[in-house]
Structures are given as structure tokens and as C-alpha cells.
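>>> Give the three-dimensional model of this entry:
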Amino acid sequence: MSEKNAVWPVAVNAAAGLFIAGVIVWQFVAGDGVGEAAKAPTEAPAAEEQAAAETAAPEAEETEAPLEVTGARIANADSEPGSWLSHGRTYDEQRFSPLDQITDKNVSELAPAWSFETGTTRGLEASPLVIDGVIYTTGNWGIVHALDAKTGEEIWTYDPEVPGEWARYGCCDIVNRGVAAWEGKIFVASFDGRLIALDKEDGSVIWEKMTIPGAPYTITGAPRVVKGKVIIGNGGAEYGVRGYFSAYDADTGEMVWRFYTVPGNPEEPFETPELEEVVDTWKGGRWWEIGGGGTVWDSMAYDPELDTLYVGVGNGSPWTREIRSPGGGDNLFLSTILAIDPDTGRLKWHYQTTPGDNWDYTATQHIILADIEIDGKTRKVLMQAPKNGFFYVIDRETGELISADNYVTVTWASHVDLETGRPVENPALAYDKSTQFVLPSANGGHNWHPMAFNPETGLVYIPTQEIAGIYSLEQKWRDERDYEVKENWWNPGLDWSDYVDAINALEELPLASGYLKAWDPVKQEARWVVELPAPLNGGVLTTAGNLVFQGTADGRFAAYRADNGDRVWEADINTGIIAPPISYEVDGEQYIAVMAGYGGVGVPSGDARQIAAAKYANDGRMLVFKLGGEAELPQVSLKDQTIPPHEPVELTEEEFRRGEVNYMAHCGLCHGPLAISGGVLPDLRRMSEPVKDNFMEIVRGGMLKDRGMASFGDLLSEQEVKEIYGYIITRAREDRERMSVGQ
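Okay, here's the model as predicted:
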């Protein structure tokens, strides 16, 4: 186990904590109508030779060397349903397994086959690959494990040795969503921005390329390989970066092309014609000085027949458009789905889900491609449930919006106008003048956790949640139209004092809700819904056995009937799951595998009462099940949740207030609002004496930087750290007293 995978105190990253748990019930009435696309497409270049290769018969693979993954093999993935060759199993990312040995009739016999300890205590988000009897998966930082798919025996492990202090630049944990495979190589992106090609046999490095200019960029997403090009994006919009994604030659590692998602300084030459076309959608600001955002940190899909790569783009930097683009404008290509020529990196068409994004409503959520019948005609569609709460069905040939409706409660907009393709915003919830509670929050109605499409039921299975967000514009901007940019500092342009006041106004943080929804993309309605105890649950797998598998935040792994949602199997594992399961086959036996380890985006502190990580040790594992499995589930230890006694810290009212606001601004997401941790990182109310004695050296001096706790000496003075410490101790003493009287 790498030392930096240990859990240590104080904010691992300067995070916002912009969500507050709770369900706000508003009745939503959608509009109706039929409309055109947001932007006319351009013609795709001819690619007859490649198309022939991608659609070649499976028999052509017989001449290839064993263990090689090619475009033809991925395109014909259904000919080997026991494998899981790419991130979503197939290029279309449906996450549907044709295997049917495990069904809704016999799933009650499912039991552990084996498990593998990752040696981590943080979020595990990987979707493993299974290729010729070997599982390739990732843990934290971009560490890769190759395992025997039948026994779980470790074949090799590769550690990119990311500097521990880089954790400071991650908005949402030191996670990694998996690898890609191509012609004898395994590709992984490290948390600090390197793209690495490994030999599939022994994990040795073939080539390595730095894909970012430096901090505060990070990479948490899985690469994809299309036509011999490795596609990778990055994250960092919360810290003021400019988004882009790049294609690298799979053999040499040389960059082939790069697509910037937002324009840079308009006084300088534009990198691509697309940027020159959209710069007028940014008005009146100097967005390039604070990044602009638009990072591509997760979803991609590919259509070999149309030879088109689909990419989801993230939020603006800063979050609020009042600062980023005060003159208005859609701010393309923020919160946008892009259709890209994979040979050249040029744009075919785009569709923007949230014009002028103001709430961190990314369009980086899972993209699924499918052919479905709509109004008596088979349509080639792209489907997405982005953060903004609307489910989109888009013609993937042209970019035309076919339909959109809300899949969760939405208050920021009334509906999506099908004629214009634009959401109709609710002006009453603008936060430029006053603090607002908005649904969805920055967590989204659906976040990165993959959904799945079952072609046999015609349903999309979506992990959703209802969490209200608190938004308030930076006071200095309201008063002076001025905004201070701090290097490598979380800069969403929101007012922390107002956020703290909004939380303190609540007598208790209410509980948020999580749901698994079976969504009919044709009728745009839920077919069935399973309510879960907490939000931010795991990704989804669906199979030909009429099953849907999902792990939960409160430490369960369950199977439901795909047609009606009846729960037919469950295992209590006492470890939260956020990763998506996969299914594979070895020697005639079907297996279900999932990475277990909670983390990722911050958990609202009200939900620390519900999630497993607050109650149990969060040791990371791969868990694998089969019918009649004879292994035992690993034992999970209980946490001591008592708050120890602390000597009081004398603070003036002004000092306490500054400590409270600075805690929220620098520490709140990782260690929890009101200093109540969600359990993945330490609850600072329970600090030990050695931690208290070294608090200043930890926060400002970087004493624990190699273990993930970087120095914040550039952002916090000694006095500010003392005030944060005093705030934490005061909160701890208050909560200890409440617990002692049974509250």
C-alpha cells in the first residue's frame, strides 16, 4: 500500500461544498412541441477504408495475435460476450451484457467468488476491462492492477507514483475511472496528467506523455482508443483552467490533434476555426485570465458506422457567468455535447445542454448511443442525463434534438423548448442579488456514475438524486464588479459568507434522496423507481438475464428485475460503492464484478448518517460474484464515532466567523460542512492530540504532503489557520455536548 493512500486530516483540496442535503418538492410541468437542432451539422469526411475495417466480420480476428484489441474487435464485441473490451463494453457505451447464465430466476444463488484488496481507503470509480481471462482495473492516482479473472490472483501492478501533494488540485478525490486497451497495450492516465502506455503482459512502460501544462490540471477519466488514437481529456475547471481534449498515437505517444473547448485570449490567434466561430458567445469579460473552464473529464462514445466521436464538455470557470461573461452569451462550448471527426479533431456538430451555464451543470455525464424506434421510425440516437436534470434524446447523425424532459425535480428551468433546443430558465432563482436554493445542486440530478441501456426492455437505468444546492454571487463582484483571482484556488465566484449563513439557518441538515430510475427514452417517463437511503450511489449494469445491478452508498450490492424493478438479490458488504459493475465469462461461468470503496464528489454532511463510510472502514476492494460462489465477503471493521474531549479555544466573534467561512472555503467539501465528515476523509472533530499539536505544520507547512495533504501556506496565514482550528474545536465541543444529552 502506498503511503499517500492513507487518510489524513484537513482539506485535501480547496473545495466548494456547494450542496446541501434535502429534498425540495416542486411539481414540474414540461412543455411540448417538436423542434430543430441547435446547430446545423457539417458533413463527415469519407472513411470507407476505416469503415470496412471497423465492421469486418469477427472471423477476420482469427489472423490477429492473441490478446490484441483492435477497432474491429471492439466493434464486434457481441461476438465475444464474455469479454469487456472497452470502457462501456462496446463503443456505444450501453453497459449491457448479453450474458444470460445469471437471471432473475436464479440470481438468489449469486455468492462471492473472490475478492482483491487494493490497499486504498478512498473512492474507487473504475470500470474494469476483461480481455482473454485477465482483468485490468485501477485504484487511486491511476495505479493499474492486472488480475486473473477466474481466481483474482495478481499478475502485475503498475504505480505511476503521483506526488501526494497533487491531491490538492482535485475537486473530487484522487479517483480514476479505468484503462483502455489497444494492440497489446494498456493505457492509463495518471492523476497528475500523464498518459501512459503499458505492456499488457508485465505492466512495463512502453511510452509516457505529459498531457497538461501543469497544476492545477488533473485527470480522473478513462482514456478511449479510436482508430489507433488514444483520446484523453482532463479536469480542473474549479481552479481556473482552460478545457481541451487530445488524441495521441497509440504506437508512439505523439499528439495527433487537440480540441480546445473554450476560446483563449481573443487578441491572440485561435487554435482552430471552431474557436473563432464561437468567441462571440463570450461577452464583456476576461474569461481567459481565469481559465474559462470546459474541461472534458469523463464521457465519450464512438459510432464506427458514422465515424464520429461524441464528447461531453464540463462547466465554466468560474461557475458564475456574471463574472465569467458579464455581457451574456451562451459561452460555447461549455456544457455541450460535441460530435468530432476522430481523424482530424474537427467539429461535425454540437448541442449545448445548458447555455451560459451558471450552476456547474456539466454535460460530461455518461453518453449512450442506441437505435430506437420513435414515431414508427428507427432513429440513431444519442442519450444523456446531464447534471441539469433533463434527459436528452438527440439524433446522433445531425445533432437534432428529438426530445428532452426532466428526470428529477428541476427548479432552475421550467422546461426545454423543443423548437429552440434551449432550456427556459426560471428568473426567480437567479442568484446575482440574493442567495438561492436550486435543484439540482452542483452534484446534479445524475453525476458521473454510469447509467445503462437494455435493448431488450428499451429502458435506460439512471442513478439519480435529489439534492438542493446553495448559490450566492461573490459579494465583491456585486458591490464593485471586481473579482480577485488567486492562483490554484477554488474560484467558482460564489460567496462563502452567504453559504455559511444559509447552512446555519437550518436547524438540521435534511437528508437527501437517491434513486435508481428505469427511464423510457421514447415516452420520456420513469417506468419504475427504487428509492435508496442516500444519494450518490453506484453506476449501473444491465444484462440479458433481465437484471440491473447497482451498488449503494450505504454498503449494499443489489440486483433488480430489469422489466419491473423488483429487488431479487442483495449482499450487505458494508462498503459504499460508486463504481459501475461489469459482467464477464471464464470457462463457461458468468461473473459479476464491482470495485467497492466510497469517495469521489463530496457527501453532504447530513448524509453521513446514512453512508457506510461514516460507520465502517472504507478499505478498497474488487468484489467478484458467481452462481454458487464459495468465497467469504471480507470483514469490515466499525469506526469509533465518539468525539473526544477538547480544551476550548478562545475566539472573538469576528475570529470565529472568519474561521467558519475559511473552513467552508478551504476544507468543507473534503471534511464536510459544519465540520461533519461524510466518512471518507477524517472527521476533524475527532482530531488526535498529535494532529492538534501539529495542526499548523500540517496545514501550512505541508508535513503530510506525501500522504495527500498538501500545504495551504500560500492561501492561509497563520492567523487564519488558528481561526479555522478554533472553529473546528468549537464545533466538536458543541456536538460532543449534544451527543451526551442524546440529541
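
>>> So, low pLDDT: which residues of the chain?
Scanning the chain for pLDDT under 70 picks out 1-67, 485-491, 507-511, 602-609, 742-743.

>>> Now do the biggest helix by length in it: which elements does it pack against?
Counting by DSSP state H, the longest helix found in the chain is helix 718-740. Helix 718-740 is packed against helix 653-666, helix 695-699, with contacts defined by 3 or more Cβ pairs under 8 Å, 6 or more residues apart in numbering; DSSP states H and E. (Glycine included, C-beta is placed from N, CA and C.)

>>> In the chain, spot the strand with the most residues.
strand 459-471 (DSSP state E).

>>> ok, back up a step: tell me which of the helices and strands packed on helix 718-740 lies nearest to Glu161.
helix 695-699 (22.4 Å; Cβ to Cβ).

>>> residues making contact with that closest one?
Residues from elsewhere that reach helix 695-699 (Cβ atoms under 8 Å, 6 or more residues apart in numbering): 8-10, 687, 691, 703-704, 709, 711-713, 716, 718, 721-722, 724-725.

>>> which of the residues you listed are buried?
Those of these that meet the buried threshold are 8-10, 687, 691, 703-704, 709, 711-712, 716, 721-722, 724-725, by 16 or more other Cβ atoms under 10 Å.

>>> Mind picking the two most distant members of these?
Farthest pair in the buried ones among the contacts of helix 695-699, by Cβ to Cβ: Trp8 and Lys722, 19.8 Å.

>>> List the buried residues for stretch 287-304?
287-288, 290-304.

>>> In helices only, show me the residues you listed.
Within the buried residues of stretch 287-304, no residue falls in helices by DSSP H.

>>> which non-adjacent residue is nearest Leu382?
Once flanking residues are discounted, Leu382 sits nearest to Arg396: 4.1 Å by Cβ to Cβ, 6 or more residues apart in numbering.

>>> any idea whether the residue lying closest to Pro355 once chain neighbours are set aside is helix, strand or coil?
The spatially closest residue to Pro355, leaving aside those adjacent along the chain, is Asp330, at 4.0 Å (Cβ to Cβ, 6+ apart). Classification of Asp330 using DSSP: H, G, I helix; E, B strand; the rest coil returns coil.

>>> heads up, I number from 345, so please use that
In the new numbering, first residue 345, that becomes Asp674.

>>> list the contacts for Asp674?
For Asp674, the contacting residues are 625, 696, 699-700, by Cβ under 8 Å, 6+ apart.

>>> Scan the residues you listed and report the most crowded one.
Gln696 (24 neighbours; other Cβ atoms under 10 Å).

>>> can I get the helices and strands packed on helix 1062-1084 in a markdown table with mean neighbour count and distance to Thr464?
Formatted as a markdown table, the helices and strands packed on helix 1062-1084 follow (neighbours: other Cβ atoms under 10 Å; distance: least, Cβ to Cβ, whole Å):
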| stretch | mean neighbour count | distance to Thr464 |
| --- | --- | --- |
| helix 997-1010 | 20 | 24 |
| helix 1039-1043 | 20 | 21 |
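
>>> would a markdown table of those helices with distance to Ala757 be doable?
Shown next, in a markdown table, are the helices and strands packed on helix 1062-1084 (distance: least, Cβ to Cβ, whole Å):
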| stretch | distance to Ala757 |
| --- | --- |
| helix 997-1010 | 27 |
| helix 1039-1043 | 40 |
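
>>> Between those, which one is closest to Thr722.
By Cβ to Cβ (comparing all of the helices and strands packed on helix 1062-1084), the closest turns out to be helix 997-1010, at 51.1 Å.

>>> mind saving the C-alpha coords of that closest one as PDB?
Provided in PDB are the C-alpha atoms of helix 997-1010 (Å, rounded to 0.1, in the frame of the first residue of the first chain):
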ATOM      1  CA  GLU A 997     -16.900  36.700  17.400                       C
ATOM      2  CA  GLU A 998     -15.000  38.000  14.400                       C
ATOM      3  CA  GLU A 999     -12.300  35.400  14.600                       C
ATOM      4  CA  PHE A1000     -14.900  32.600  14.900                       C
ATOM      5  CA  ARG A1001     -16.700  34.000  11.800                       C
ATOM      6  CA  ARG A1002     -13.500  34.100   9.700                       C
ATOM      7  CA  GLY A1003     -12.600  30.600  10.800                       C
ATOM      8  CA  GLU A1004     -16.100  29.300   9.900                       C
ATOM      9  CA  VAL A1005     -16.000  30.900   6.400                       C
ATOM     10  CA  ASN A1006     -12.400  29.900   5.700                       C
ATOM     11  CA  TYR A1007     -13.200  26.400   6.800                       C
ATOM     12  CA  MET A1008     -16.000  26.100   4.400                       C
ATOM     13  CA  ALA A1009     -14.000  27.700   1.600                       C
ATOM     14  CA  HIS A1010     -10.900  25.500   2.000                       C
END
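
>>> from the chain's centre, how far out does it sit?
In terms of Cα atoms, centre = their mean, to the nearest Å, the centre of helix 997-1010 is set 29 Å apart from its chain centre.

>>> counting contacts, what elements does it pack onto?
Packing partners of helix 997-1010 (3+ Cβ pairs under 8 Å, 6+ apart): helix 840-848, helix 1062-1084.
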